[in-house]
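[1] give me a 3D structure for the following:
(6 chains)
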There are 6 protein chains.
Amino acid sequence: VKLTTRYRFAASHRLVSGALSPAENARLYGKCNYPYGHGHDYIVDVTVEGPRDGSGQIVNREALNRWVEERVIAKLDHRNLNSDVAELGGKVTTTENLAFAIEKMLATGWPHAARLAGVKISETARNTFELETK
Amino acid sequence: VKLTTRYRFAASHRLVSGALSPAENARLYGKCNYPYGHGHDYIVDVTVEGPRDGSGQIVNREALNRWVEERVIAKLDHRNLNSDVAELGGKVTTTENLAFAIEKMLATGWPHAARLAGVKISETARNTFELETK
Amino acid sequence: VKLTTRYRFAASHRLVSGALSPAENARLYGKCNYPYGHGHDYIVDVTVEGPRDGSGQIVNREALNRWVEERVIAKLDHRNLNSDVAELGGKVTTTENLAFAIEKMLATGWPHAARLAGVKISETARNTFELETK
Amino acid sequence: VKLTTRYRFAASHRLVSGALSPAENARLYGKCNYPYGHGHDYIVDVTVEGPRDGSGQIVNREALNRWVEERVIAKLDHRNLNSDVAELGGKVTTTENLAFAIEKMLATGWPHAARLAGVKISETARNTFELETK
Amino acid sequence: VKLTTRYRFAASHRLVSGALSPAENARLYGKCNYPYGHGHDYIVDVTVEGPRDGSGQIVNREALNRWVEERVIAKLDHRNLNSDVAELGGKVTTTENLAFAIEKMLATGWPHAARLAGVKISETARNTFELETK
Amino acid sequence: VKLTTRYRFAASHRLVSGALSPAENARLYGKCNYPYGHGHDYIVDVTVEGPRDGSGQIVNREALNRWVEERVIAKLDHRNLNSDVAELGGKVTTTENLAFAIEKMLATGWPHAARLAGVKISETARNTFELETK
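    Sure thing, here's the model as predicted:
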């Protein structure tokens, strides 16, 4: 059985690659390359999977929430993804790269018996990025 | 009869008042004062009110959409509210101030027979700001 | 205190005025005038208002639901608004006209102590039409 | 300008009036009178209204959230409305009565400059109860 | 091709294990162990999978709805999961255990040509439990 | 990593099979066979899958949106699925058949490096049809 729990954070970012000229960045990233950046209310869906333990649960809800809050939300909420997030250093802050960064934040030192099964990041009520964890 | 139509834009901002010290700004605005800013997927609900015209409508949908896109969304989408928006110049970019700015953008030169009845701005799936137009 | 209850129906329609030429209809109603029509999943929010009765309620839920189902949903669900709905006969099937027709269906013979306070019709997850009942 | 902020709590309840016989209760309240009760994920929308203060806000978000959490959510979340809530003592736990109880919890000692403008309670993704505060 | 159809029910419950002391139950289940219980508006998403039959459908909608209403919703709606549901007898009423109970209610005597592919249960607009049927 | 992007269109249709008598059609399709048809606000979720390219994205958003708009939305939006859509010619316009038609519209000449991973069609806020692309 899988449990998916939803978290939210608000952040700003700008898509810009250091390997490209300003004109190339503008062409490649369009509005997402505007000089002063923009932002989103991101939704993070964390999925864990495992058998039911003696409590009839696959994971302790409070322990899972604490883990996600400390490892992910505390680092990203009300932050600028280009300037404030070590795990994205040197990376273009696309939601694809953000998904990988969040998965790594979650997986590093993962203390729960249930395994981390996947991460889903949504922005703009339209785009959702999904990462299945092997 | 009233018609409310929904629009969306993504923007970044930072709450900071030039009249206050850094410590006062941090105390007053909390996370919203973090130095590099954050952002939201804003929702704008525009309400117009009037009698039905000969077409059985209170306003032409395309004409209304064009007006909101040109006057509001084109100025705010993928922009930084502190740096990019003339109408917010010198103002703290709270959603309250943003609501008044958007209402003014809409009302200036309003070309529709139906009157502008109100504007509602939502952010973070939790907070909604509503302005009734007199 | 006000109670708003949500209902849904699916219907097809086409915007076309008998008083206009095909070219004028096409110009006025755009995509909504395509010859074979289109459709929506309409949402109807019915609001009643009144004091609490002896049961601690302003209206009996089952009685209200039965009223709306019989008077509105049974006539509109899976129907074509141009061909199947007597109350819209001779009218362009704009959502404005539909809102007035639904309000009349509800108000005619209204049997509840709580008064009908308003009707809201939504379509396309974007447009909402609101009628306050005097 | 008005600000509406959304809160949530989960509670159980049973509709039963001490003034009625079991048969009358069953007829009046239907499924809501089943002997062991049922429950909902309630949504509470709190609306405050006022002018913008020096910070560009109508109310301090953290102070408002603290107020609602302490006065309302802490008393209702994961509770049984019939057994656990002093403010509902002797009342049938209809959502109408709950709305008045929540408004009183909020209004008693209200410490904000912005006035409490209204409370909206939703349950079952279908029914919403709205109380305008005078 | 897979079809997922959504159903809803409202129920109360309390997390408590007969194998544990009151203090252990309180520590393990937190707010969910409060003595008088709480409740949720549960969402059930039922997924069936199969080839299209002669009607161009993978399952008859009315037959599927009748099955889920009779086998699941009629047993759970407006009920207390601890007292009213035989299939949960002796089990802690976690949503994990509920998901397995619902899957068994659905699968027992399954009369449709399309196979039952999975069940998803959501509560509190935040947690979703998913069971893939083998 | 997978990206799912959401699109919408409004269309009318009627379920009717040329191989069946009127009475058989009525029995098989119920309300969906009413003579003048009905309609929906359809939601289309398109999923693509692939590795991140040099831009840190799996697909160019604008290119994907253009593809879906041209190949799918332009053909279906504000149209009648029985009369206007060549890809459904001779087919009963069930959402199952629509899902296969949309997948074929998308896949034919697919120009993106990321592969088309699946299509999901929703109607009536209740039913979702999912097609995994091999």
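[2] so how far is residue A:120 from residue A:5?
    As judged by C-beta to C-beta, to the nearest Å, residue A:5 and residue A:120 stand 11 Å apart. For every residue, glycine as well, the C-beta is placed using N, CA and C.
[3] what sits in contact with each of these two?
    Shared contacts of residue A:5 and residue A:120 (C-beta atoms under 8 Å, 6 or more residues apart in numbering or on different chains): residue A:45.
[4] got the phi and psi for whatever residue of chain A ends up closest to chain B?
    Nearest residue of chain A to chain B (C-beta to the nearest C-beta) works out as residue A:39 at 0.8 Å. Per-residue torsions, residue A:39: phi -160, psi 180 (degrees, to the nearest 10).
[5] helix/strand/coil for the residue of chain A most remote from its centre?
    The centre of chain A is farthest from one residue, residue A:54, which by C-alpha atoms, centre = their mean lies 31.0 Å away. Under DSSP: H, G, I helix; E, B strand; the rest coil, residue A:54 falls in the coil class.
[6] one step back: now do the same contact list for the closest residue to the residue of chain A closest to chain B other than its chain neighbours.
    Leaving aside its chain neighbours, residue A:39 sits nearest to residue B:39 (0.8 Å; criterion: C-beta to C-beta, 6 or more residues apart in numbering or on different chains). The contact partners of residue B:39, by C-beta under 8 Å, 6+ apart, come to A:10-13, A:37-41, B:10-13.
[7] can we see that at 7 Å?
    Contact analysis of residue B:39 by C-beta atoms under 7 Å, 6 or more residues apart in numbering or on different chains lists A:10, A:11, A:12, A:38, A:39, A:40, B:10, B:11, B:12, B:13.
[8] same thing with residue A:81?
    A:11, A:13, A:88, A:93, A:98.
[9] filter the residues you listed down to just the ones in strands.
    Residues of these located in strands (DSSP state E): A:11, A:13.
[10] now for the contacts of residue A:81, which pair is the farthest apart?
    Farthest-apart pair in those is A:11 and A:88; separation 10.5 Å (C-beta to C-beta).
[11] count of residues packed around whichever residue of chain A sits closest to chain E?
    The nearest approach of chain A to chain E comes at residue A:56, 3.9 Å away (C-beta to the nearest C-beta). If you count neighbours by other C-beta atoms under 10 Å in any protein chain shown, residue A:56 ends up with 19.
[12] that one reaches residue E:97, doesn't it?
    Yes: here residue A:56 reaches residue E:97: they are 4.9 Å apart, a contact under C-beta atoms under 7 Å.
[13] tell me which element the nearest residue to residue A:52 once chain neighbours are set aside falls in.
    Spatial nearest neighbour of residue A:52, chain neighbours left out: residue E:96 (5.1 Å); criterion: C-beta to C-beta, 6+ apart. Taking DSSP states H and E as the criterion, residue E:96 maps to helix E:95-107.
[14] distance of residue A:67 from chain D?
    Note on residue A:67: its distance to chain D, by C-beta to the nearest C-beta, to the nearest Å, is 22 Å.
[15] helix or strand right after the helix or strand where that residue lies?
    Element membership for residue A:67 (DSSP H and E) is helix A:61-68. Using DSSP H and E, the helix or strand that follows helix A:61-68 in sequence is helix A:74-76.
[16] partner strands of the helix or strand just after that next one and their direction?
    Toward the C-terminus, helix A:74-76 is succeeded by strand A:79-80 as the next helix or strand (DSSP H and E). Taking DSSP bridges as the criterion, strand A:79-80 forms sheet pairs with strand A:2-13 (parallel).
[17] need the residues that contact the helix or strand following the strand it pairs with.
    Sequence-wise, the next helix or strand downstream of strand A:2-13 (DSSP H and E) is helix A:22-29. Contact with helix A:22-29 is made by A:15, A:16, A:17, A:20, A:33, F:55, as judged by C-beta under 7 Å, 6+ apart.
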